[in-house]
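**Student:** dropping the sequence and predicted coords here.
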Amino acid sequence: MFRQIRWRIAVPFVALFSILLLGLGIYLVNFIRQTKVQEFESQLSAESYLLADFIQSLSLENELDLIDLDNQAKHWAALLGARVTIIAPDGSVMGESDAVLEAMDNHLNRPEIQQALSDGFGSSIRFSQTEGENQMYIAVPVQEDGQVIAIARVALSLRQIEAEISQVVRIIILSIFTAAIFAFVLATFIADYIARPIYQLTDQIKNFSFTKPGDRLFPTSEDEIGQFARIFNELVAQLRFQYDALETERSKLVAVLEQLSDGVLIVDEQGLVQLINPAAQRIFGTTEDKAMGQSIVKVLRQYQLIELWKQARETGESQIIPVEIPTKRLFVQGEAIPLGETLPGSTLMVFQDISHVRRLETVRRDFISNISHELRTPLASLKALTETLQESALDDPPAARRFLTNIETEVDALSLMVQELVELSRIESGKVPLQLKSVLPEELLSEAAERLRLQAERSGLRLIIDCPPELPTVLADPPRMEQVIVNLLHNAIKFTPSGGEIRLSALLEDDSVVFSVSDNGVGISPEDLPRIFERFYKADRARSGGGTGLGLAISRHLVEAHSGKIWAESTEGIGSTFYFSLPLAQ
């Protein structure tokens with residue numbers, strides 16, 4: 001209840017008002033009581049003096065002992081409507097209107113009697129054992145020749161005063177209760193009127209959003225609440241400007257992190273992930289929901305990277321380490337950078353996928369090894385032939401001609417290798433222009449098959465063309481694509497034993513035509529299959545077949561230059577199938 005401002009305003013106001021009314025009521029009751037008592041006292045004082053004068057006049061005529069004062073007291077009490085008691089100076093009761101005279105005890109020690117004897121007037125309010133109620137006593141001495149001959153006392157019950165006071169108290173209590181209800185209603189109305197603008201502002205603030213450019217508070221008055229609304233609007237304008245600036249920077253950061261090819265993590269002092277970008281999620285096979293707030297051990301699962309983070313945190317310096325992730329077949333270079341004052345205790349971890357670089361290094365080493373091997377063999381043969389020719393074959397013309405023929409063969413092989421390297425370099429650099437036109441797939445396969453049909457027959461192989469005539473045309477440079485098919489067909493002939501079968505086929509798939517050259521030859525091992533399109537790369541079984549090892553590399557670049565794809569499927573000992581796709585002509 002007191003959590004609402006209306007009640008915090010209304011209740012204290014009503015409580016204070018009620019306390020004031022209660023205090024005023026108590027004061028009025030005391031004032032009325034005191035006034036009534038004074039009126040009673042004045043009345044009884046007058047009656048007491050009147051009774052004292054009457055007793056004094058009687059004493060002048062007769063001795064008081066000779067006067068029946070008890071009956072006189074009853075008579076006077078009936079006239080005055082009050083209790084009358086006549087007391088001797090020694091305290092004995094000489095007359096009593098409301099009790100049996102013999103039962104009355106000595107009254108000398110009564111307060112009003114003592115006061116009357118000492119001061120000439122006595123007054124007291126006390127409980128009467130005789131009457132059994134509170135009474136007011138007024139005592140006046142009766143004097144004769146300067147001597148106190150008796151004391152006249154008049155007493156009156158306070159029952160009437162107390163009844164009047166009780167009536168007044170009831171009226172005051174009812175008035176206070178009525179006034180409190182009225183004050184409560186009025187205070188609630190006033191408090192609600194004061195608090196209503198605050199509630200309106202509260203509702204507006206609840207529905208307020210920084211993302212709504214026009215969202216603002218509307219001042220409901222010209223008082224402090226209205227000033228608060230205007231100041232709040234100014235503050236909101238400043239905060240919205242800062243919010244927009246931060247949102248812009250955050251969007252830039254998010255865009256950079258999402259497009260960044262390197263994995264990025266921010267780890268706090270406890271080793272919990274506070275930020276992870278999509279590249280890092282891809283590298284470590286997780287998602288943002290699974291990684292955020294989790295331990296770095298659970299997210300990275302590589303002890304080398306955990307040690308990298310620990311070293312960076314302990315030394316306060318950047319740490320770099322290359323790590324292999326076997327489950328993903330990835331090589332990653334991890335770098336841990338303490339963020340220092342920017343984010344105390346946090347560490348930025350960057351992971352660069354260097355698998356491609358490692359593969360390129362492997363290809364480069366293999367290329368150097370392969371080209372060295374390819375050059376070493378003909379050069380060694382040329383060296384041996386030349387030395388033999390110089391030493392002894394010059395004097396034997398038939399032998400000299402045979403050696404010169406072998407030298408010419410080796411030189412032709414070297415020339416072919418250089419020519420293919422030059423052509424491959426031109427194709428890779430895009431310096432070989434393609435003359436693209438619409439060509440039927442059947443024509444490409446037929447032309448290539450006719451060029452090598454005689455070679456296939458000599459090797460005892462059956463050459464089959466399986467191409468539906470209704471296939472749509474493809475966009476290609478015919479001589480270049482025939483070169484691709486010839487390279488694939490030449491390899492199939494070379495590695496298929498006599499009696500085998502080679503099939504050239506084409507079929508339509510989506511918006512391209514897929515060509516294939518399949519054989520039932522020796523096949524390619526799974527270890528060699530991913531690398532057969534590299535320059536100079538040869539499977540072990542292919543070493544004995546000769547060739548430069550550049551044909552498939554040239555074929556791959558030619559197909560990719562036509563916006564196509566080339567791939568191979570093979571089972572060792574069963575055969576191989578080479579595929580490539582070409583886009584349809586528009």
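**Tutor:** Perfect, I can see it now.
**Student:** right, and Leu489 touches Ala448 too?
**Tutor:** Yes. Between Leu489 and Ala448 there is a contact at 5.9 Å, judged by C-beta atoms under 8 Å. No exception for glycine: its C-beta is placed from N, CA and C like everyone else's.
**Student:** need the residues touching each of these two.
**Tutor:** Leu504 (C-beta atoms under 8 Å, 6 or more residues apart in numbering).
**Student:** show me what the helix ranked longest in the chain is packed against.
**Tutor:** In the chain, assigned by DSSP state H, the helix with the most residues is helix 5-61. Here helix 5-61 touches helix 69-80, strand 122-128, strand 133-144, strand 147-157, helix 159-206, going by 3 or more C-beta pairs under 8 Å, 6 or more residues apart in numbering; DSSP states H and E.
**Student:** okay, the ones you listed in CSV with distance to Leu552, mean neighbour count and mean pLDDT next?
**Tutor:** Below are these laid out as CSV (distance: least, C-beta to C-beta, whole Å; neighbours: other C-beta atoms under 10 Å; pLDDT from 0 to 100):
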stretch, distance to Leu552, mean neighbour count, mean pLDDT
helix 69-80, 147, 18, 84
strand 122-128, 132, 16, 83
strand 133-144, 131, 20, 86
strand 147-157, 136, 21, 86
helix 159-206, 70, 14, 79
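**Student:** got TSV for the ones you listed, with distance to Ser92 too?
**Tutor:** Listed next are the helices and strands packed on helix 5-61 as TSV, based on distance: least, C-beta to C-beta, whole Å:
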stretch	distance to Ser92
helix 69-80	11
strand 122-128	17
strand 133-144	14
strand 147-157	10
helix 159-206	29
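**Student:** which stretches of the chain form helices?
**Tutor:** 5-61, 69-80, 111-119, 159-206, 224-259, 278-284, 288-291, 296-300, 303-315, 355-391, 397-428, 441-458, 478-494, 551-561.
**Student:** dump those into a markdown table; add distance to Asp519 as well.
**Tutor:** Compiled in a markdown table, those are given as follows (distance: least, C-beta to C-beta, whole Å):
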| stretch | distance to Asp519 |
| --- | --- |
| helix 5-61 | 91 |
| helix 69-80 | 152 |
| helix 111-119 | 144 |
| helix 159-206 | 76 |
| helix 224-259 | 44 |
| helix 278-284 | 38 |
| helix 288-291 | 47 |
| helix 296-300 | 46 |
| helix 303-315 | 45 |
| helix 355-391 | 24 |
| helix 397-428 | 23 |
| helix 441-458 | 10 |
| helix 478-494 | 4 |
| helix 551-561 | 14 |
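**Student:** nearest to Gly523, of those?
**Tutor:** The minimum distance between Gly523 and these falls on helix 478-494, with 11.3 Å, by C-beta to C-beta.
**Student:** I'd like the mean pLDDT over the closest one, please.
**Tutor:** Averaged across helix 478-494, pLDDT comes to 89.
**Student:** what does stretch 234-251 give?
**Tutor:** Mean predicted confidence for stretch 234-251 is 81.
**Student:** what comes up buried for that stretch?
**Tutor:** By neighbour count, with 16 or more other C-beta atoms under 10 Å as the criterion, the buried positions of stretch 234-251 are Val236, Arg240.
**Student:** off-centre distance for it?
**Tutor:** Relative to its chain's centre, stretch 234-251 lies at 19 Å (C-alpha atoms, centre = their mean, to the nearest Å).
**Student:** now swap in stretch 491-503 and tell me
**Tutor:** 66 Å.
**Student:** end to end on it, go ahead and measure it.
**Tutor:** Length of stretch 491-503, first residue to last, C-alpha to C-alpha, to the nearest Å: 13 Å.
**Student:** what distance separates the start and the end of stretch 534-554?
**Tutor:** One end of stretch 534-554 sits 9 Å from the other (C-alpha to C-alpha).
**Student:** tell me the contacts of Phe40?
**Tutor:** Counting by C-beta under 8 Å, 6+ apart, Phe40 touches Met136, Leu156, Leu158, Ile161.
**Student:** hmm, I typed the wrong one, I wanted Ser92.
**Tutor:** Residues near Ser92 by C-beta under 8 Å, 6+ apart: Asn106, His107.
**Student:** again, only using 6 Å
**Tutor:** Listed by C-beta atoms under 6 Å, 6 or more residues apart in numbering, Ser92 has no contact partners.
**Student:** roughly how far does it sit from Thr85?
**Tutor:** Ser92 is 11 Å from Thr85, where distance means C-beta to C-beta, to the nearest Å.
**Student:** ditto for Ser97
**Tutor:** Noted for Ser97: a distance of 7 Å to Thr85, by C-beta to C-beta.
**Student:** out of those two, which sits in the busier spot?
**Tutor:** A direct count of neighbours by other C-beta atoms under 10 Å for Ser97 and Thr85 places Thr85 higher, at 28 against 21.
**Student:** just the pLDDT for that one.
**Tutor:** 88.
**Student:** mind listing what the closest residue in space to it that isn't next to it in sequence touches?
**Tutor:** Distances taken as C-beta to C-beta, 6 or more residues apart in numbering place Arg153 nearest to Thr85, at 4.4 Å, with adjacent residues excluded. Counting by C-beta under 6 Å, 6+ apart, Arg153 touches Thr85, Tyr137, Ala139.
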